[in-house]
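Trainee: structure, please.
(2 chains)
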Number of protein chains: 2
Amino acid sequence: MPSPFVARKTNPSSLKKKLQTILAAITGVFLLGGWAFTTVPALFNYSSYLVHHQIAHVSHKLNYYMSGHTFYDDPDFSYSITDPLKDWDQKRAAWLKEHPQFASRGANRVLLVTGSQPWRCESNLGDFLLLRLFKNKVDYCRIQGYEIFYNNAFLETKMDDHWAKPAAIRASMLAHPDKEWIWWVDSDAVFTDMEFRLPLDKYKNYNLVVNGWPDLIKERSWLGLNTGVLLFRNCQWTLDLLSAWASMSQLSPDYDKWGQIFKATFKDRDEARSSDQTAMVYLVLKHNDTWGDKIYYEDEYCFQCYWVKSIRKIKQARNVYVEMEKNVSEFRRRHAEVATQGYGALRNKFLEQGGYGKHTGRRPFITHFVGCSPCSGNNNVNYSGQDCVQGLELALNTGDNQVLRNFGYVRHQPGNITSWVFPLPFDEPAEINVNLPN
Amino acid sequence: MPSPFVARKTNPSSLKKKLQTILAAITGVFLLGGWAFTTVPALFNYSSYLVHHQIAHVSHKLNYYMSGHTFYDDPDFSYSITDPLKDWDQKRAAWLKEHPQFASRGANRVLLVTGSQPWRCESNLGDFLLLRLFKNKVDYCRIQGYEIFYNNAFLETKMDDHWAKPAAIRASMLAHPDKEWIWWVDSDAVFTDMEFRLPLDKYKNYNLVVNGWPDLIKERSWLGLNTGVLLFRNCQWTLDLLSAWASMSQLSPDYDKWGQIFKATFKDRDEARSSDQTAMVYLVLKHNDTWGDKIYYEDEYCFQCYWVKSIRKIKQARNVYVEMEKNVSEFRRRHAEVATQGYGALRNKFLEQGGYGKHTGRRPFITHFVGCSPCSGNNNVNYSGQDCVQGLELALNTGDNQVLRNFGYVRHQPGNITSWVFPLPFDEPAEINVNLPN
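Mentor: From the prediction side, this is the model:
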């Protein structure tokens, strides 16, 4: 079956050519003297005069968010993954001390980082899906009180494709010393349980949370962990790991050699290419003494679940949740969106005590459409692109129905229909009406 | 010049046909008994048993976000714009009293609501632009600490196109009693000043802020205000206004008649169609006694500026800002993104005291690409689609450069290049180095 992610008539090499042209243009501009210095505007002198003469009048009461000297004022400080940074934990601690209004918000400060390439998708459906995938993440973050940053720039020009990740994560860490956690979530991952909250307490002794299976890594499978969803603590350890990770990317003169090493190392790797995932698995396989202690392999819930299995879980869960809502009037109560966390915590108790787990009727937290490549249109040959699209539709609408419910609406058939939503009747789906004990 | 928003080969009526098919399918499902009741799953009895027997064990310590009886528990309460809602101010006040953790956050609680139609754009470039336009808004909200909701569902099936707005605004008000303001921003509006903060204090006696010119309204121009950006107070007055507004939409049996009335009323209206903007102008023209007192016509800054003029302002402002940064080292300091508000307040002082206003070198706050229709591809014939695309590029990258700066990067040519960003040198653009007084 042909892929429904219909690729445009773009020559595979045309993007590269386009980039070369752009790069040449930029170089030209630099040679001409840089962007801001080419003309002297009419306002130049006026502005210069005013700025000089009015400094003395500027209010001094604006420093609530501002501060004294911080690590940002060090000329050697660089956001780039190519430059080493030392003593980050001390620097960050000093910054937090200088900005107590952020430090006091507790250890649950999370910045979700996601993104896609700077240009249009090759598939006609791709950008529309990216828009909906982004909306899904923004909805989740709003409900949970997290912040979100969509990165659509290659910060390190050599590190494009999946290798854009480490540079974006590092820059986000340094731009957000206020955040304890930086959470990378691939663009093709969908939040299918909007109520589920990261169990951060569980990770208090760890610096990286990843979905993985240490036994599989030891058996030399490059599928021993998945780098589509990664939760990093904002600390020196992470900076060091990012550097070690990136040293096997296009930044390295040995990039091609790394691809060959990975192919030779992993029994199930057919391709001699260094990818971000092969490199990460290699790191923990060969240097577990260095990194292993601080990595938490999360497999208890769908930290990221492979979509083929996850779609089955979503279908199974639907009946469990309807039953739960029929039985417990509290779950049928309408409420403000901002109250969702409380209802989520209540649902969590019911699910736990009812024995509903990852494989027994609980909604998957994150459904990852790995291999579907909705943007490039080049989906994995193991399944049809049509399955990918249908799966995405179900996953996106499963998440969206949870959001819409707080706005009084529902999509009746989350698997089939994008467009139409309907008012949710009061007390839906009422039946048994067993109330919570007083 | 042909439009660069190349429309796909979609028959204009095919969307309508598709919708009719979808609607027929939904009706069919309803006749079959509804979505969740078709099968009895294997887990049914198990779940039912467990939920019944474990209610007693559920912790009672989960009610931090939950509450006693609220307006949501009233069976007559409806989110729909077709149903009247009374005493909202009292209901909302009671809810806030019940949830002091939200009430205590002050009067600056803003929910930005934006969105687009549920299906793909007709123009090939459209969805890519929508993605970037959404990112721009999410960036702004993250920096300012506002929340954002992207609505891509027609909550009221009859009210599609621009008329989707009132229903989405109303549902957002009711889902967010925690927010004092609901801020509608059209998808094709771009934040071109990320530091600028809504001057909410100025609006304390008003319930609606809109960019408009009362004199022009009196002269019977349907361009006397612009409904692309609307800031509504979350109150009964707004609910009443939304009802009055929507009563001239497709909800009304007199919808066609309204179109004719508007054409006859406005000297510059050629089309006999009731649009959300014509209806709003009509309301304030004919019923100013009812609504006028609580409407603030904002024209002091770019609450929303027409893109053709705004692009000129952006180009003019660039030199002013570079000058300011050269002169004042404080503006060249790197800092955490979360500290941006403080630097914005400082910049505001300089701009005010330097006499830089809307027409004299200040960055426009919001640049509205009205008439460009990047999603439908049917841009206004008064200018070329190429100008729209170039303008969008400049506006989006002007906003994005302010965000990227906090992550250590910059696009050198915001007007021309989407793809490549470069590390921002330390102390850029250093020159005079006049420090702030101690």
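Trainee: so where's chain A uncertain?
Mentor: A:1-66, A:104-107, A:417-419, A:431-438 (pLDDT under 70).
Trainee: try it again at 80.
Mentor: A:1-67, A:103-108, A:416-419, A:430-438 (pLDDT under 80).
Trainee: quick one: the strands in it?
Mentor: A:110-115, A:147-151, A:181-185, A:189-191, A:208-212, A:225-233, A:295-297, A:305-306, A:366-368, A:409-410, A:422-423 (DSSP state E).
Trainee: and the closest residue to A:Asn136 other than its chain neighbours, what does it touch?
Mentor: Distances taken as C-beta to C-beta, 6 or more residues apart in numbering or on different chains place A:Gly399 nearest to A:Asn136, at 5.0 Å, with adjacent residues excluded. Backbone N, C-alpha and C define where each C-beta goes, glycine included. Neighbouring residues of A:Gly399 by C-beta atoms under 8 Å, 6 or more residues apart in numbering or on different chains: A:136, A:139-140, A:190-194.
Trainee: apply 6 Å and report the result again.
Mentor: In this structure, A:Gly399 makes contact with A:136, A:191-192, A:194, judged by C-beta atoms under 6 Å, 6 or more residues apart in numbering or on different chains.
Trainee: can you report how many residues lie near A:Ile86?
Mentor: Ile isn't right for residue A:86; it's Lys. 11 (other C-beta atoms under 10 Å in any protein chain shown).
Trainee: residues near the closest residue to it other than its chain neighbours, how many?
Mentor: Sequence neighbours aside, A:Gln236 is the residue nearest to A:Lys86 in space, at 7.6 Å (criterion: C-beta to C-beta, 6+ apart). Using other C-beta under 10 Å, A:Gln236 has 17 other residues around it.
Trainee: A:Gln236 reaches A:Gln90, doesn't it?
Mentor: No - taking contacts as C-beta atoms under 6 Å, A:Gln236 lies outside contact range of A:Gln90: 8.6 Å.
Trainee: thinking again about what came up before, mind checking how far the residue nearest to A:Asn136 is from A:Cys141?
Mentor: 12 Å (C-beta to C-beta, to the nearest Å).
Trainee: I'd say A:Cys141 and A:Ile148 touch.
Mentor: Yes - here A:Cys141 lies in contact with A:Ile148, judged by C-beta under 6 Å, at a distance of 4.4 Å.
Trainee: give me the common contacts of these two.
Mentor: A:Leu112.
Trainee: quick one, what contacts the residue most central in space within chain A?
Mentor: Against the mean C-alpha coordinate of chain A, by C-alpha atoms, centre = their mean, the closest residue is A:Val185 at 2.1 Å. Applying C-beta under 6 Å, 6+ apart, we find A:Val185 in contact with A:112, A:114, A:229.
Trainee: switch the cut-off to 10 Å
Mentor: A:112-115, A:133, A:137, A:140-141, A:148, A:191, A:228-231, A:304, A:366, A:368 (C-beta atoms under 10 Å, 6 or more residues apart in numbering or on different chains).
Trainee: can you list the domains in chain A?
Mentor: A:71-297, A:305-423 (automatic domain parsing).
Trainee: quick one: closest of those to B:Lys158.
Mentor: Nearest of the domains of chain A to B:Lys158, taken as C-beta to C-beta: domain A:305-423 at 11.8 Å.
Trainee: what about that closest one, how long is it end to end?
Mentor: End-to-end span of domain A:305-423 (C-alpha to C-alpha, to the nearest Å): 31 Å.
Trainee: how far is it from where the chain is centred?
Mentor: 18 Å (C-alpha atoms, centre = their mean, to the nearest Å).
Trainee: now swap in stretch A:216-223 and tell me
Mentor: Distance of stretch A:216-223 from the chain centroid (C-alpha atoms, centre = their mean) equals 24 Å.
Trainee: then stretch A:224-239?
Mentor: 11 Å.
Trainee: quick check, the residue in the stretch 201-350 of chain A closest to chain B?
Mentor: Closest residue of the stretch 201-350 of chain A to chain B, C-beta to the nearest C-beta: A:Gly342 (2.9 Å).
Trainee: please apply the same query to the stretch 101-250 of chain A.
Mentor: Per C-beta to the nearest C-beta, A:Asp127 is where the stretch 101-250 of chain A lies closest to chain B, at 3.7 Å.
Trainee: show me where chain A has helices.
Mentor: A:14-31, A:44-54, A:88-98, A:100-103, A:126-144, A:164-175, A:214-218, A:236-246, A:255-265, A:276-286, A:288-291, A:307-327, A:340-353, A:385-405 (DSSP state H).
Trainee: now, of those, which is deepest in the fold?
Mentor: Ranked by mean neighbour count under mean count of other C-beta atoms under 10 Å in any protein chain shown, those are led by helix A:164-175, which reaches a mean of 26.
Trainee: gap between the residue nearest to A:His359 when sequence neighbours are not counted and A:Met324?
Mentor: Spatial nearest neighbour of A:His359, excluding adjacent residues (C-beta to C-beta, 6+ apart): A:Lys313 at 7.6 Å. A:Lys313 is 16 Å from A:Met324, where distance means C-beta to C-beta.
Trainee: can you check A:Val113 too?
Mentor: In terms of C-beta to C-beta, A:Val113 sits 33 Å off from A:Met324.
Trainee: repeat that for A:Asn211.
Mentor: In terms of C-beta to C-beta, A:Asn211 sits 26 Å off from A:Met324.
Trainee: cool, and A:Asp276?
Mentor: Separation of A:Asp276 from A:Met324 (C-beta to C-beta): 39 Å.
Trainee: ok, A:Trp291 next?
Mentor: In terms of C-beta to C-beta, A:Trp291 sits 40 Å off from A:Met324.
Trainee: before we move on, back to that, out of the domains of chain A, which gets nearest to B:Val410?
Mentor: Nearest of those (C-beta to C-beta): domain A:71-297, 10.1 Å.
Trainee: wait, A:Phe71 sits on B:Arg333?
Mentor: No - counting by C-beta atoms under 10 Å, A:Phe71 stays clear of B:Arg333, with 11.6 Å between them.
Trainee: hmm, A:Asn380 is touching A:Cys372, no?
Mentor: Yes - counting by C-beta under 10 Å, A:Asn380 does reach A:Cys372; the two are 7.3 Å apart.
Trainee: which of these two has more neighbours?
Mentor: The neighbour comparison of A:Asn380 against A:Cys372 (other C-beta under 10 Å) goes to A:Cys372, with 25 against 12.
Trainee: does the more buried one really touch A:Gly385, like I thought?
Mentor: Yes - at 7.4 Å, A:Cys372 and A:Gly385 qualify as touching, with contact defined as C-beta under 10 Å.
Trainee: enumerate every residue touching the closest residue to A:Val370 other than its chain neighbours.
Mentor: Of all residues beyond its chain neighbours, the one nearest A:Val370 is A:Gly228 (5.9 Å), with distances taken as C-beta to C-beta, 6+ apart. Taking C-beta under 10 Å, 6+ apart, we find A:Gly228 in contact with A:162, A:165, A:184-189, A:210-211, A:276-277, A:303-304, A:306, A:366, A:368-370.
Trainee: any of those buried? List them.
Mentor: By neighbour count, with 16 or more other C-beta atoms under 10 Å in any protein chain shown, the contacts of A:Gly228 hold A:165, A:184-189, A:210-211, A:276-277, A:303-304, A:306, A:366, A:368-370 as buried.
Trainee: reformat the helices of chain A as CSV; add distance to B:Ser247.
Mentor: Formatted as CSV, the helices of chain A follow (distance: least, C-beta to C-beta, whole Å):
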stretch, distance to B:Ser247
helix A:14-31, 51
helix A:44-54, 50
helix A:88-98, 53
helix A:100-103, 46
helix A:126-144, 30
helix A:164-175, 47
helix A:214-218, 62
helix A:236-246, 56
helix A:255-265, 65
helix A:276-286, 55
helix A:288-291, 64
helix A:307-327, 35
helix A:340-353, 32
helix A:385-405, 25
